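Chemist: Provide a 3D model corresponding to the input given below.
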Amino acid sequence: MSSSTLFTYGPANVDSLLATTRSVLQKSKDYLNDQVFTAIPALNYLIKKDQVKRSGGASILVPLLYGKNSTFKAYSKDDVIDTAGQEGLTMAQAKWVNYGGTITIFGDEMRQNAGEGKLEDLVKAKTMQAVLSARDSLSIDLWQTAINSKKILPLDNAIDTLSTVQDVASSTNTWWQSQVVASGSFAARGLSDMRNLRNLISKQGQSAVPLPDKIITTQLITELYEQSQVPALRYGTGEKADASFKGLMFSGAEMEFDPNCITGNLYMLCKDAMGLEVHKMAEWTVGEFKEPVDQDVKTAKLIWMGQLTIKNRRRLGKLTGVTA
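Modeler: Numbering: from 1, shown residues only. Coordinates of the predicted model:
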């Protein structure tokens, strides 16, 4: 064996292998994040748009502007300029939530994979298994229909007119309400409702307010939209027939379906109106592998701490009750 070989064969090197592999995984943030978010359209959208912010603190504070300054008026000569104190600024507060699981390696697995490189591959596979499972958990929780203080803020509650989000009640603060349009048959009114929702969002703010850049909905609604665009499909003269589109867009927004999206709903998102906050000390952090006194296993915890944060609910919208 070469003198440069890092590990030797046999069970004696297990702790060294686990520690080294854990260190590698700790530094492989892209590897871990990609495995968690790739198959989740909403969270993947946030990652692609560089909307992930890493921070700390007891909670996440989001500054909000909700009122105008009423002192600005036309005047002439020695007219008195209004000096009344102005409010209209507040701070929303999002609570951190935690997600955690464990990576457990059995003693017989460690002994069977104690050869050079084998245990490292086993730990990576176990870690991928853990983060893929975490992806399922986050994806399911993101599409719940009720806010749970222990879980990530669901999109359906973040985008409505009634929920209290980040300690601000939208039922009594109309400026903290999203744009919601009750829809119906897509064949009869789907496109017109989508245009209406887009326009309701686009007028929320002063000049140069960006249009929604992402639409997430169900597979059925995506297929209905694609079917409505068939007349616009252009057929080429290539050797292979293609009777479909490579991707779907609406007013510049990419359209995608999420298997967990709530039936009958379509969501229009804007990257500047929302974000994903991740605690810098718990970004899928892999803990040390430890052995309990009464089991032949080694276990490490995998921890994530974060929250979906909303900066401007008025620029988020949804259609409800969409049918064929």
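Chemist: Report the helix or strand with the lowest average pLDDT across this structure.
Modeler: Every helix and strand of the chain was ranked by mean pLDDT, DSSP states H and E. The lowest is helix 29-37, at a mean of 49.
Chemist: Could you identify the helix or strand that succeeds that helix?
Modeler: Sequence-wise, the next helix or strand downstream of helix 29-37 (DSSP states H and E) is helix 41-48.
Chemist: C-terminal to that next one, what's the next element?
Modeler: Moving toward the C-terminus from helix 41-48, the next element (DSSP H and E) is strand 52-55.
Chemist: and that following strand, what does it pack onto?
Modeler: Applying 3 or more Cβ pairs under 8 Å, 6 or more residues apart in numbering; DSSP states H and E, we find strand 52-55 packed against strand 274-286. For glycine as for every other residue, the C-beta is placed from the backbone atoms N, C-alpha and C.
Chemist: packing partners for the strand it packs on?
Modeler: Partner elements for strand 274-286 (3+ Cβ pairs under 8 Å, 6+ apart): helix 14-27, helix 29-37, helix 41-48, strand 52-55, helix 118-142, strand 297-310.
Chemist: Would you single out the least confident of the ones you listed?
Modeler: Per-segment mean pLDDT for these reaches its minimum on helix 29-37, at a mean of 49.
Chemist: all helices for the stretch 151-300 of the chain, in order.
Modeler: Listed in chain order, the helices of the stretch 151-300 of the chain (DSSP state H, counting those that start in this stretch) span 155-158, 191-202, 219-228.
Chemist: Quick check: buried residues in the last one?
Modeler: With burial defined by 16 or more other Cβ atoms under 10 Å, the residues of helix 219-228 counted as buried are 220-222, 224-225.
Chemist: Can you tell me which of the residues you listed is nearest N113?
Modeler: Nearest to N113, judged by Cβ to Cβ, of the buried residues of helix 219-228 is T222 at 43.1 Å.
Chemist: Quick check: nearest residue in space to the closest one, chain neighbours excluded?
Modeler: Nearest non-adjacent residue to T222, counting by Cβ to Cβ, 6 or more residues apart in numbering: F257, 4.1 Å away.
Chemist: got a list of what the one you found touches?
Modeler: Shown in contact with F257 (Cβ atoms under 8 Å, 6 or more residues apart in numbering): 41, 216-219, 221-222.
Chemist: how about CSV for those, with distance to R313 added?
Modeler: Shown next, in CSV, are the contacts of F257 (distance: Cβ to Cβ, whole Å):
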residue, distance to R313
P41, 20
I216, 16
T217, 19
T218, 22
Q219, 27
I221, 22
T222, 24
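Chemist: Could you identify the most distant pair in the residues you listed?
Modeler: P41 and I221 (13.4 Å).
Chemist: What are the phi and psi values at I103?
Modeler: Dihedral pair for I103: phi -110, psi 110, per degrees, to the nearest 10.
Chemist: got TSV for the buried residues of helix 219-228, with pLDDT and distance to G85 too?
Modeler: Compiled in TSV, the buried residues of helix 219-228 are given as follows (pLDDT from 0 to 100; distance: Cβ to Cβ, whole Å):
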residue	pLDDT	distance to G85
L220	97	53
I221	98	48
T222	96	50
L224	96	52
Y225	95	50
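Chemist: wait, which of those residues is closest to S183?
Modeler: I221 (9.5 Å).
Chemist: thinking again about what came up before, tell me the pLDDT of the residue nearest to T222.
Modeler: For F257, pLDDT reads 93.
Chemist: Does it have any beta-bridge partners, and if so which?
Modeler: F257 has the following beta-bridge partners by DSSP bridges: T217.
Chemist: same question, K290
Modeler: Note on K290: beta-bridge partners T299, judged by DSSP bridges.
Chemist: need the contact list for it.
Modeler: Contacts of K290 (Cβ under 8 Å, 6+ apart): 298-300.
Chemist: Just the closest of the residues you listed to G57, please.
Modeler: Lowest distance from G57 to the contacts of K290 (Cβ to Cβ) belongs to A300, with 26.1 Å.
Chemist: Would you mind measuring from the closest one to T104?
Modeler: To T104, A300 is 8 Å away according to Cβ to Cβ, to the nearest Å.
Chemist: if we can go back for a sec, which one among the contacts of K290 gets closest to M268?
Modeler: A300 (40.3 Å).
Chemist: V286 is in contact with the closest one, correct?
Modeler: Yes. A300 lies in contact with V286 (Cβ atoms under 8 Å); the separation is 5.7 Å.
Chemist: Report the residue spans of the stretch 201-324 of the chain with pLDDT below the cut-off.
Modeler: Low-confidence segments of the stretch 201-324 of the chain (pLDDT under 70): 207-209, 232-245.
Chemist: so K150, which of the three states?
Modeler: At K150 the chain is in coil, as set by DSSP: H, G, I helix; E, B strand; the rest coil.
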